[in-house]
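**Q** Pasting the sequence and the predicted model now:
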Amino acid sequence: MNKPLAEVLRPESLNEYIGQAHLVGEGAILRSAIEKGDIPSMILWGPPGVGKTTLANIIANTLSAPFYQLSAINSGVKEVRDVIEKAKQSDKAILFVDEIHRFSKNQQDSLLGAVEQGIVRLIGATTENPSFEVISPLLSRCQVYVLQSLEKEDLLKIIDRATGYYKQAFGRTVTVKEADALLRISGGDARKLMNAIELVASQFKGDCVIDNAVVCSIIQQNLSMYDKKGENHYDIISAFIKSIRGSDPNAAVYWLARMIASGEDPLFIARRMLILASEDIGNANPNALLLANACFDAVNKIGYPECRIILSQTAVYLATSPKSNSTYLAINKALEVVEKTGDLPVPLQIRNAPTNLMKQMGYGRDYLYSHDFAGHFVQQQFMPDALQTMELYSPCDNERENKTRERLRAMWQGVYKY
């Protein structure tokens, strides 16, 4: 089988389509619009594998309309404009944008004019709430249709269709004796279900009987082959972060490429690097946090495909930066101390004294204004009485923090050891 089973069995008409009866069942609103040949621009919002892409293809086939398809992962503003120019040469063209929530604001803006002028009828597919992920001017020009996870009876129909295909195409009898494990693994996702059936059936040369034990055994050994968003998703981001922490830019870029190729949300990647910049690099190179923050901002503005360059630059910079987790350890230690010691009183000399009564009570008395002293520093007590000499921050062994350690040791001699 050259094509994946899910692609081979993709429905080509509404009569073959399984699920979403509230939208495309007899007399349903979207089916009526399709049959009349007068569809609005729309956003199809629903979880993965419930038929968004299939429905867009069926609409185009039913209406015999020119059909253009873009993926938000691989397409930029240029690709959008190229499609719009082609659509101007035809009548009532349909533009399908998969994962439209990953289009940046600029990319979504580039669609506005064509949708408003009727050059294209937009069908956008998204797994995210369009209220948050689609810009308001574009959203106001589209009808939002909500697709639901497939019900058990829908999934059982898909299983029957898959087993029937094996018999018809290959003369193989694939019998699903127990479906519970397949249904559980699918999570209402038709694509996951068919990928699982295909994976299990591929382990046998001839006829086979599929039961729960067989499914669990085979799927557990081959999880990453069909579920990019399951455990493999977390394994790869873990490998990516640990590669950066371990100062290996080659591995970092490799795992980054794996995530990009699988369609990972670029903001998820950028967000994890932003956390790492503070947790694992910190004051060994404060610029790391600035660059990671700029990366997150740029990725949010640009989106795929161009943002892959910014993600790569940032990943390499972070991987090659000196490392320190001193501030991460400091705040964790401080929180442990607070949990154990409770609300210790603030020393009187560093309390705020906005009223005369507070001043009379000693608030702020004997406070030493640091800028009045040489080097803008003078020793005085800032910690609660019970914690006067407790060290929470311990500089790590790197060029920048070694200098910090020397300076703090000289300043706080007799109080902190450093």
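**A** Here it is on my side, so go on.
**Q** Worst mean pLDDT across the helices and strands of the chain, which element?
**A** helix 223-226 (a mean of 43; mean pLDDT, DSSP states H and E).
**Q** Return the helix or strand just after that helix as PDB; C-alpha atoms alone will do.
**A** Per DSSP states H and E, the first helix or strand lying C-terminal to helix 223-226 is helix 231-245. Extracted in PDB, the C-alpha atoms of helix 231-245 (Å, rounded to 0.1, in the frame of the first residue of the first chain):
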ATOM      1  CA  GLU A 231       4.200  10.500  23.900                       C
ATOM      2  CA  ASN A 232       6.600  11.100  21.000                       C
ATOM      3  CA  HIS A 233       5.600  14.700  21.100                       C
ATOM      4  CA  TYR A 234       6.800  15.100  24.600                       C
ATOM      5  CA  ASP A 235       9.900  12.900  24.000                       C
ATOM      6  CA  ILE A 236      11.100  15.100  21.200                       C
ATOM      7  CA  ILE A 237      10.600  18.400  23.100                       C
ATOM      8  CA  SER A 238      12.400  16.800  26.000                       C
ATOM      9  CA  ALA A 239      15.300  15.800  23.700                       C
ATOM     10  CA  PHE A 240      15.400  19.300  22.300                       C
ATOM     11  CA  ILE A 241      15.600  21.100  25.600                       C
ATOM     12  CA  LYS A 242      18.100  18.700  27.000                       C
ATOM     13  CA  SER A 243      20.300  19.100  23.900                       C
ATOM     14  CA  ILE A 244      20.400  22.900  24.400                       C
ATOM     15  CA  ARG A 245      21.000  22.500  28.200                       C
END
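**Q** immediately after helix 231-245, which helix or strand?
**A** Past helix 231-245, the next helix or strand by DSSP H and E is helix 249-261.
**Q** Show me the shaky parts of this protein.
**A** 1, 220-233 (pLDDT under 70).
**Q** Residues in contact with the longest helix belonging to it: which ones?
**A** As assigned by DSSP state H, the longest helix anywhere in the chain is helix 152-170. The contact list for helix 152-170 (CB atoms under 8 Å, 6 or more residues apart in numbering) reads 5, 8-9, 18-19, 150, 172-176, 179, 182-183, 186, 188, 190, 193-194, 197-198, 201. Yep, even glycine has a C-beta here, placed from its N, CA and C like the rest.
**Q** Any buried residues in that helix, and which?
**A** Judged by neighbour count (16 or more other CB atoms under 10 Å), helix 152-170 contains these buried residues: 154-156, 158-159, 161-163, 165-166.
**Q** now do stretch 196-209
**A** Residues of stretch 196-209 classed as buried: 196-201, 208 (neighbour count, 16+ other CB under 10 Å).
**Q** With stretch 240-248 instead?
**A** Buried residues in stretch 240-248 (16+ other CB under 10 Å): 240-241, 243-245.
**Q** any idea whether the residue lying closest to residue 378 once chain neighbours are set aside is helix, strand or coil?
**A** Excluding the flanking residues, the one nearest residue 378 by CB to CB, 6 or more residues apart in numbering is residue 368, at 4.9 Å. Counting by DSSP: H, G, I helix; E, B strand; the rest coil, the backbone at residue 368 sits in coil.
**Q** Can you read off the backbone torsions of residue 368?
**A** phi -110, psi 120 (degrees, to the nearest 10).
**Q** Is it in contact with residue 380, as I believe?
**A** Yes: using CB atoms under 8 Å, residue 368 makes contact with residue 380 at a distance of 5.0 Å.
**Q** Now the common contact residues for those two.
**A** Common neighbours of residue 368 and residue 380 (CB under 8 Å, 6+ apart) are residue 349.
**Q** which stretches of the stretch 301-418 of the chain form helices?
**A** For the stretch 301-418 of the chain, the helices defined by DSSP state H, counting those that start in this stretch occupy 307-319, 326-341, 356-360, 399-411.
**Q** can the ones you listed go into TSV with extra columns for mean neighbour count?
**A** TSV is the format used below for these (neighbours: other CB atoms under 10 Å):
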stretch	mean neighbour count
helix 307-319	21
helix 326-341	13
helix 356-360	11
helix 399-411	14
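**Q** Mind putting these into a markdown table with distance to residue 140?
**A** Below are the helices of the stretch 301-418 of the chain laid out as a markdown table (distance: least, CB to CB, whole Å):
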| stretch | distance to residue 140 |
| --- | --- |
| helix 307-319 | 26 |
| helix 326-341 | 44 |
| helix 356-360 | 55 |
| helix 399-411 | 51 |
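**Q** Which one, of those helices, ends up nearest to residue 94?
**A** Nearest to residue 94, of all those, is helix 307-319, at 26.9 Å by CB to CB.
**Q** So which elements touch that closest one?
**A** Under the contact criterion of 3 or more CB pairs under 8 Å, 6 or more residues apart in numbering; DSSP states H and E, helix 307-319 touches helix 231-245, helix 249-261, helix 266-276, helix 287-302.
**Q** any chance of these in JSON lines, plus distance to residue 41?
**A** Output for these, formatted as JSON lines (distance: least, CB to CB, whole Å):
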{"stretch": "helix 231-245", "distance to residue 41": "32"}
{"stretch": "helix 249-261", "distance to residue 41": "29"}
{"stretch": "helix 266-276", "distance to residue 41": "25"}
{"stretch": "helix 287-302", "distance to residue 41": "24"}
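**Q** Assess the claim that residue 139 and residue 41 are in contact.
**A** No: the pair residue 139 / residue 41 is not scored as a contact, 10.2 Å apart, by CB under 8 Å.
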